[in-house]
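>>> Give me coordinates for this.
(chains A and B)
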There are 2 protein chains.
Amino acid sequence: MEHRNSEVLVTVVGPDGVPLVGTDVVVEQTAHEFLFGCIGFDLIPLANGEVGRQGGADAPAGQDEDLAAKWLELFNFATLPFYWGDFEPVRGRPDTERLLAAARWFVDRGVVVKGHPLAWHTVTAPWLLELSDEEILEAQRARIRRDVSDFAGLIDAWDVINEVVIMPVFDKYDNGLTRAARRFGRIPVIRTVFDEARAANPRATLLLNDFDMSTAYECLIEGVLEAGVKIDALGLQSHMHQGYWGEEKTLAVLDRFARYGLPLHLTESTLVSGHLMPPEIDDLNDYQVAEWPSTPEGEARQADEVVRHYRTLLGHPAVEAMTYWGLSDAGAWLGAPVGFLRADGSPKPAYDALHALVKGEWWLNPTTLRTDDQGRVRVRGWRGAYELRAGDAAAGFELARGRDTVEVRLERLGGSTT
Amino acid sequence: MEHRNSEVLVTVVGPDGVPLVGTDVVVEQTAHEFLFGCIGFDLIPLANGEVGRQGGADAPAGQDEDLAAKWLELFNFATLPFYWGDFEPVRGRPDTERLLAAARWFVDRGVVVKGHPLAWHTVTAPWLLELSDEEILEAQRARIRRDVSDFAGLIDAWDVINEVVIMPVFDKYDNGLTRAARRFGRIPVIRTVFDEARAANPRATLLLNDFDMSTAYECLIEGVLEAGVKIDALGLQSHMHQGYWGEEKTLAVLDRFARYGLPLHLTESTLVSGHLMPPEIDDLNDYQVAEWPSTPEGEARQADEVVRHYRTLLGHPAVEAMTYWGLSDAGAWLGAPVGFLRADGSPKPAYDALHALVKGEWWLNPTTLRTDDQGRVRVRGWRGAYELRAGDAAAGFELARGRDTVEVRLERLGGSTT
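So this is what the prediction gives:
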């Protein structure tokens, strides 16, 4: 984990501008540079004051607040849903205000927000089917222009286009995006949507995202890069309903996609705490069961695998983000018990195990250090944000790659009384 | 099969320059426009006068001649082997003369010849491993420049590069091409080898060839085309040791790859006349059996499937060539009974069934027509070459797309006596 740590020589200056020499100071981590992500879908009602909507009429009081607290304790990176068919089921009436409130809720709590996805053949706008192929592409561009602009500043990260490997040959049902991808080709469609998103928010981190971890995705990426389309990060889905990949496969996948020199985001990861989906299922959506219970054995296995998976991912220098696909079993995709919380909100072993990493093994708890005769302390820790306190004064600083020294000027806590 | 036929109004002019009015003429097809291909590996010894080499010391006399006759009766398109590791096992000592003799042997008999392959990670030159990645690519370019130039005029069709989808992630053994593809990327390598082949023989038909019929090959093709690399035809392998694809899958594959607007060549097709390879075998090379006999039931099935497969391919307008991977079971790849002839040279039912198509149902036998009062006959038939005879005079003409009328000037047979 050497690549996730930094060391910095901090010169501590008091509120009066004089270096604090030979003084005890307390250093404490306040945030991770690594993006520990999760979907934030469940918290949209809370962020919008829609009490009881998520849990239903007979949901326990405070359920959403409890979920929010558990979410914020573990994660710093939220994925919000922009599935076009849900976001704008009627053309011209997008769900912008509600998503703005949700994004603002997360940003106010120090969370980085990503929108998912701007273009995808699944849950795309049904009204695209009434348009010509050219009009579909133009509507897609307009949608991107509008939404990326509307959310800029709150959402500066986007899964721009999702699952392009299969998009033009997707044959389960007719849809506008498959038509466009088949008509215009994968790379022209990717160039179009990336150009539009880039123009609407030049500061945004733009991802290409896919579930296909085969060499097909490599072929697509190489074509896209060769065509000069600028991709900021590669999204790798990793739903593991059919079983944990294991370290060897995970590392092999990471190495194959890391060779393009782009940051990797594990965008959609899941590990079940119940029985595994049979291996012969090809499209996960085809597996429909009445009940998919979380079991004690399954929860123990899940906790073990969660720890191993996060260790593997953080251990690889190319990985910058890992998004888990659902904190709670309540409302989970496919009804699978993939949450770190059970449907009743109680934590599974996986929650505590991951917490022990994120806020334990990979976290610098308050640590007392003594400044030297020039007012300096050497701080070594996980890259991210830190707070330094001395008496009733404090200041923040960061541990980041390539920053060896920093001066922090303390400010007195508790307001403007000097 | 409408798209394989043409009609032309032929004006027949006698040796004296006068139209032959109201005269019986005989029209007969002499060649197909469609490329009915087969490997010509087995005939290299015969073409080089290496008698007995192919069949071994105790091979029946005339075996090679018999094989040649059966080959020429069915096919008009030969694939010759240019596997670099076999062709130039010692750097600087290529097997050029022997292959030139073989190519000339086929060309002299009216056969179009294709070289296979110029670049591939399997059976590539072992001495590449002593070179740097840059030197490997330079050696590959030099090899293409030399061989495409040396064979121009005899070989004007090349499988330029083979199996690029898997090339950079091929992990069975180290080799120069995998190193280069991984280092420089698939598309730059493809561009390099195509540019070199194009420069060495601008008239050549240059193919990209792959066994991967999944959407991965589509992604690669789209990237290559988007990058502006000119491909003349797409090669689709179709070894069917694990069973005939059937019409539905075959048509789906053809439709998917036809959408790039490029001609399709089925470059490597096989259908076994014995038991099928188990479906769980992933790399066909992994299946090793002591004996793989041709059986009466297998031969009947093979004949049926051969007819269905050729009908399907010729029925699709995008297909311009179909190369079967081995006329005889003797020396067949993997020891599989894929030939149309048994190891002893006797024809299986598939040979006769395909012959009944190529020289029967899809062939215009000698047909008597009568010219009109302007010396014209209307000829309708399979695209290809024809001969028209009237008395002791004859001439050739072609049925080709977009040619509605032609004038043929007959010449007296039997030499220059006038």
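>>> List the buried residues of the helix or strand harbouring A:Trp105.
Assigned by DSSP states H and E, A:Trp105 belongs to helix A:96-108. If you call a residue buried by 16 or more other Cβ atoms under 10 Å in any protein chain shown, then helix A:96-108 has these buried ones: A:99-103, A:105-107. Placement of C-beta: from N, CA and C, glycine included.
>>> How is the nearest residue to A:Ala330 once chain neighbours are set aside assigned, secondary-structure-wise?
Nearest residue to A:Ala330, sequence neighbours excluded (Cβ to Cβ, 6 or more residues apart in numbering or on different chains): A:Ala343, at 4.5 Å. Of the three states, A:Ala343 takes coil under DSSP: H, G, I helix; E, B strand; the rest coil.
>>> about what we covered before: what's the helix holding A:Trp105 packed up against?
In this structure, helix A:96-108 packs against helix A:44-47, strand A:77-81, strand A:112-116, helix A:133-151, with contacts taken as 3 or more Cβ pairs under 8 Å, 6 or more residues apart in numbering or on different chains; DSSP states H and E.
>>> mind redoing it with 6 Å?
helix A:44-47 (3 or more Cβ pairs under 6 Å, 6 or more residues apart in numbering or on different chains; DSSP states H and E).
>>> thinking again about what came up before, what is the rounded mean pLDDT of the helix holding A:Trp105?
The average pLDDT within helix A:96-108 is 98.
>>> List of residues touching that helix?
A:40, A:44, A:47-48, A:78, A:80, A:113, A:150, A:154-155 (Cβ atoms under 6 Å, 6 or more residues apart in numbering or on different chains).
>>> hey, C-alpha coordinates of that helix in CSV?
What follows is helix A:96-108 as a C-alpha-only set of coordinates in CSV (Å, rounded to 0.1, in the frame of the first residue of the first chain):
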residue,chain,number,x,y,z
THR,A,96,-33.7,17.7,-12.5
GLU,A,97,-34.8,19.4,-9.2
ARG,A,98,-35.0,16.2,-7.3
LEU,A,99,-31.6,15.0,-8.4
LEU,A,100,-30.1,18.5,-7.8
ALA,A,101,-31.3,18.2,-4.2
ALA,A,102,-29.8,14.8,-3.8
ALA,A,103,-26.5,15.8,-5.3
ARG,A,104,-26.4,18.9,-3.1
TRP,A,105,-27.1,16.7,0.0
PHE,A,106,-24.1,14.6,-0.7
VAL,A,107,-21.8,17.5,-1.7
ASP,A,108,-22.8,19.3,1.5
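>>> quick one: that helix to helix A:133-151, angle?
40 degrees (axes from the mean of the first three to the mean of the last three Cα atoms, to 10 degrees).
>>> related to what we said a few turns ago, can you count the residues close to the residue nearest to A:Ala330?
15 (other Cβ atoms under 10 Å in any protein chain shown).
>>> any idea how far it is from chain B?
In this view, A:Ala343 and chain B are 37 Å apart by Cβ to the nearest Cβ, to the nearest Å.
>>> so what's that residue scoring on pLDDT?
94.
>>> Likewise for A:Gln63?
On pLDDT, A:Gln63 comes in at 87.
>>> go on, A:Ala119?
What the model reports as pLDDT for A:Ala119 is 98.
>>> swap in A:Thr417?
48.
>>> what's the neighbour count on the residue of chain A at minimum distance from chain B?
Of all residues in chain A, A:Gly223 sits closest to chain B, at 2.1 Å by Cβ to the nearest Cβ. Neighbours of A:Gly223 under the rule other Cβ under 10 Å: 26.
>>> Where does pLDDT dip in chain A?
For chain A, applying pLDDT under 70 flags the ranges A:51-61, A:415-418.
>>> Would you mind listing what in it touches chain B?
Proximity of chain A to chain B (Cβ under 6 Å from any Cβ of the partner chain) is limited to residues A:165, A:169, A:185-187, A:215-216, A:219-220, A:222-223, A:226-227.
>>> Let's test this: what are the backbone torsions at A:Gly223?
phi -70, psi -40 (degrees, to the nearest 10).
>>> Quick check: chain neighbours aside, which residue is closest to it?
Using Cβ to Cβ, 6+ apart and skipping residues adjacent in sequence, the residue nearest A:Gly223 is B:Gly223, 2.1 Å away.
>>> repeat for A:Pro317
Leaving out its chain neighbours, the residue that sits closest to A:Pro317 by Cβ to Cβ, 6+ apart is A:His3, at 4.4 Å.
>>> So the one you found belongs to a strand, correct?
No: assignment of A:His3 by three-state DSSP gives helix, placing it outside any strand.
>>> Count the neighbours of it for me.
13.
>>> and if you look at the one 5 residues further on?
A:Val8 has 18 neighbours, counted by other Cβ under 10 Å.
>>> A:Gly360 now?
If you count neighbours by other Cβ under 10 Å, A:Gly360 ends up with 12.
>>> Quick check: it vs A:His121, distance?
Using Cβ to Cβ, to the nearest Å, A:Gly360 is found at 41 Å from A:His121.
>>> Next: A:Leu137.
13 Å.
>>> what residues are up against the residue of chain A most remote from its centre?
Residue farthest from the centre of chain A, counting by Cα atoms, centre = their mean, is A:Asp373 at 42.8 Å. Applying Cβ under 6 Å, 6+ apart to A:Asp373 gives the contacts A:Val21.
>>> so which helix or strand takes in it?
Judged by DSSP H and E, A:Asp373 forms part of no helix or strand.
>>> and if you look at A:Lys172?
Assigned by DSSP H and E, A:Lys172 falls within no helix or strand.
>>> How many residues are close by the closest residue to A:Pro94 other than its chain neighbours?
Closest residue in space to A:Pro94, ignoring its immediate chain neighbours: A:Glu88 at 4.3 Å, by Cβ to Cβ, 6+ apart. Using other Cβ under 10 Å, A:Glu88 has 20 other residues around it.
>>> same question, A:Trp245
20.
>>> Repeat that for A:Ala394.
So A:Ala394, with other Cβ under 10 Å, has 18 neighbours.
>>> sec struct for it, please.
strand.
>>> give the contact list for it.
Counting by Cβ under 6 Å, 6+ apart, A:Ala394 touches A:387, A:413.
>>> Spit out the contact partners of A:Asp210.
A:163, A:165, A:217.
>>> Any figure for the gap between the last one and A:Val165?
This means A:Tyr217. Taken as Cβ to Cβ, the span from A:Tyr217 to A:Val165 is 5 Å.
>>> from memory A:Asp133 sits against A:Arg183, does it?
Yes: contact status for A:Asp133 versus A:Arg183: in contact at 4.4 Å, counting by Cβ atoms under 6 Å.
>>> all helices for the stretch 251-400 of chain A, in order.
Assigned by DSSP state H, counting those that start in this stretch, the helices in the stretch 251-400 of chain A fall at A:296-315, A:349-356.
>>> Output those in TSV; the columns should cover distance to A:Ala332 and mean neighbour count.
TSV is the format used below for these (distance: least, Cβ to Cβ, whole Å; neighbours: other Cβ atoms under 10 Å in any protein chain shown):
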stretch	distance to A:Ala332	mean neighbour count
helix A:296-315	13	19
helix A:349-356	13	19
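>>> one step back: neighbour-wise, which of the contacts of helix A:96-108 leads?
Going by other Cβ under 10 Å, A:Ala78 tops the contacts of helix A:96-108 with 28 neighbours.
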